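K.L.:
output the structure for:
(one chain, ligands or ions: 1)
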Amino acid sequence: MSKSSETLVIIGSGPAGWSAATYAARAQLRPLVFEGAITEENRMSGTLPLGQLALTSEVENYAGFPHGNLSEFLSSALPENRRSMMAPHAGEGVTGPELMELMRQQAINFGTRIVTDDILKVDFSKRPFTLYTRSKDTVEAQCVIVATGASANWLGLPSEEAYKNRGVSACAVCDGALPRFRNKPMVVIGGGDSAVEEATYLTKFASMVHLIHRRDSLRASKIMAQRAQNEPKITIHFHSALEEVLGNDALGVTGVKLQSTIDPSRVSILDAAGVFLAIGHTPNTAFLDGQLDLTAKKYIVWKKHFRTDTSVDGVFAAGDVADDYYRQAISAAGTGCMSALDAERWLSHAGIHA
Ligand code: NAP
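P.N.:
Numbering: from 1, shown residues only. Sure thing, here's the model as predicted:
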């Protein structure tokens, strides 16, 4: 058990956290990042260090990383003990885990310090704020940036877990264009705007998209629902639930077993190379225990227009933990930058940082 005192603590290690850390470190704030603990519990809940991007493969839409062979760059940018996630490169561009390692390294290069642990509890009632770690250490902080992200919801089926990254995904924009899905049937689970958006996006690559929804009507907005209904490549299966993802070691996902939500004895099989879950995200805000204002869906509320200020003076929020709309790596990195600038100005105004 130890106790330390910090100027700026950043909680979270996705694009928002590392971008905030790089900006804060360059402003000589010596930020301390809690990147999360490596535990089985975090693995199951999708909250391991490096966030949601660490769960994806190729990243084709992060500005600055075009298609190309990055092997030499990655080897020179990252220390050897952080290269285990590097895919053999043959001109395919950067992967999610590599991008996150590069962001982490960039933050370290300017003096960011990292603790591989979770913050399980906070006390924002007085300054300095107090943060409590999983390892039972206590950290005092003058200023905090919360960048803990959101975790995609999963159904929790064993077969879903078994085929993650081999055809099962929760992000069509991240994974939909992969060669394994080209001109193959795909399945999307869910009935909200995300499900419709993912299904529509996947029509660019798939031979057809089956949208599987448990009820008799889509939750998605009318215009989005209409778009899905008018899209010849999308077939909507109402009153249907995913019972099992089918596949094998060689090919990954090969199909799905569906069950009727009206008559459970009715089971059907569809061929599919991919299964995309779009059943909502849960922001990682439970550890805040109600100390910051949250939306009805538990996302942190930004209190000022186009600023990252939260309801507690000196606490800022960045990335998906405060964004249920864009949810892209690049927008998270952008708000991470904003939060560091907001924090720097706040610390300067408070006379804590020159
Ligand atoms: P959402 O609106 O909460 O929809 C989640 C969908 O998943 C619902 O249809 C729900 O079914 C289904 N679902 C949840 N748990 C399930 C389970 N265990 N098994 C099967 N189905 C399950 O989430 P979202 O679609 O991610 O949207 C989140 C927010 O972002 C919304 O406010 C949305 O409008 C917004 N958004 C907007 C856009 C856009 O405007 N372009 C795009 C994406 C998202 P039920 O309907 O039966 O509850």
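
K.L.:
how about G167: what's its closest non-neighbour residue?
P.N.:
Once flanking residues are discounted, G167 sits nearest to V253: 2.8 Å by Cβ to Cβ, 6 or more residues apart in numbering. For the C-beta atoms, the positions are set from N, CA and C on the backbone; glycine is no exception.

K.L.:
give the bridge partners for the one you found, please.
P.N.:
With DSSP bridges applied, V253 shows beta-bridge pairing to G247.

K.L.:
cool, and F34?
P.N.:
Here F34, judged by DSSP bridges, has bridge partners I11, V115.

K.L.:
can you list the residues of the stretch 101-250 of the chain near the ligand?
P.N.:
Residues of the stretch 101-250 of the chain lying near the ligand by Cβ under 6 Å from any ligand atom: L155, I189, G190, G191, G192, D193, S194, A195, E197, R214, R215, R219.

K.L.:
now the buried members of those.
P.N.:
Buried members of those, scored by 16 or more other Cβ atoms under 10 Å, are I189, G190, G191, G192, D193, S194, A195, E197, R214, R219.

K.L.:
what about the residue most central in space within the chain, distance to K298?
P.N.:
Closest residue to the average C-alpha location of the chain: Q52 at 3.2 Å, with Cα atoms, centre = their mean. The gap separating Q52 from K298 is 17 Å, by Cβ to Cβ, to the nearest Å.

K.L.:
what of R26?
P.N.:
From R26 across to K298, the span is 32 Å (Cβ to Cβ).

K.L.:
check the offset of whichever strand or helix holds Q259 from the chain's centre.
P.N.:
Taking DSSP states H and E as the definition, one finds Q259 inside strand 252-260. Taking Cα atoms, centre = their mean, to the nearest Å, one finds strand 252-260 lying 25 Å from the centre of the chain it belongs to.

K.L.:
still on that earlier bit, can I get the buried ones among the residues of the stretch 101-250 of the chain next to the ligand in a markdown table with secondary structure?
P.N.:
What follows is these, written out as a markdown table (DSSP: H, G, I helix; E, B strand; the rest coil):
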| residue | secondary structure |
| --- | --- |
| I189 | strand |
| G190 | coil |
| G191 | coil |
| G192 | coil |
| D193 | helix |
| S194 | helix |
| A195 | helix |
| E197 | helix |
| R214 | coil |
| R219 | coil |
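
K.L.:
in the residues you listed, find the pair that's most separated.
P.N.:
Using Cβ to Cβ, the pair of these lying farthest apart is E197 and R214, separated by 18.1 Å.

K.L.:
picking that back up, can I get the strand holding Q259 as CSV, trimmed to CA atoms?
P.N.:
Below are the C-alpha coordinates for strand 252-260, written out as CSV (Å, rounded to 0.1, in the frame of the first residue of the first chain):
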residue,chain,number,x,y,z
GLY,A,252,-13.6,-19.1,-38.4
VAL,A,253,-17.3,-18.3,-38.6
THR,A,254,-19.4,-20.2,-41.1
GLY,A,255,-22.9,-19.5,-40.0
VAL,A,256,-25.4,-18.9,-37.2
LYS,A,257,-28.1,-20.8,-35.5
LEU,A,258,-31.2,-18.7,-34.8
GLN,A,259,-34.1,-19.3,-32.4
SER,A,260,-37.5,-17.8,-32.7
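
K.L.:
can you list the residues that contact it?
P.N.:
163, 166-168, 180, 187, 210, 212, 237, 239-248, 266-275 (Cβ atoms under 8 Å, 6 or more residues apart in numbering).

K.L.:
which of the helices or strands spans L120?
P.N.:
Using DSSP H and E, L120 falls in strand 119-123.

K.L.:
coming back round to it: distance of the residue nearest to G167 relative to the ligand?
P.N.:
V253 is 18 Å from the ligand, where distance means Cβ to the nearest ligand atom, to the nearest Å.

K.L.:
next: V168.
P.N.:
From V168 to the ligand the distance is 14 Å (Cβ to the nearest ligand atom).

K.L.:
could you find the closest non-adjacent residue to that residue?
P.N.:
Taking Cβ to Cβ, 6+ apart, and ignoring the residues beside it in sequence, V168 has V275 as its nearest neighbour in space, at 4.9 Å.

K.L.:
distance of the one you found relative to the ligand?
P.N.:
Counting by Cβ to the nearest ligand atom - V275 and the ligand are separated by 12 Å.

K.L.:
that residue: what secondary structure?
P.N.:
What three-state DSSP gives for V275 is strand.

K.L.:
got the contact list for it?
P.N.:
Counting by Cβ under 8 Å, 6+ apart, V275 touches 160, 163, 167-169, 186-189, 242, 245, 253, 256.

K.L.:
in strands only, show me those residues.
P.N.:
V168, S169, M186, V187, V188, I189, L242, V245, V253, V256 (DSSP state E).

K.L.:
per-domain residue ranges of the protein.
P.N.:
Structurally, the chain divides into domains by automatic domain parsing as follows: 3-152+281-350, 158-277.

K.L.:
got a markdown table for those domains, with mean pLDDT too?
P.N.:
Formatted as a markdown table, the domains of the chain follow (pLDDT from 0 to 100):
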| stretch | mean pLDDT |
| --- | --- |
| domain 3-152+281-350 | 92 |
| domain 158-277 | 95 |
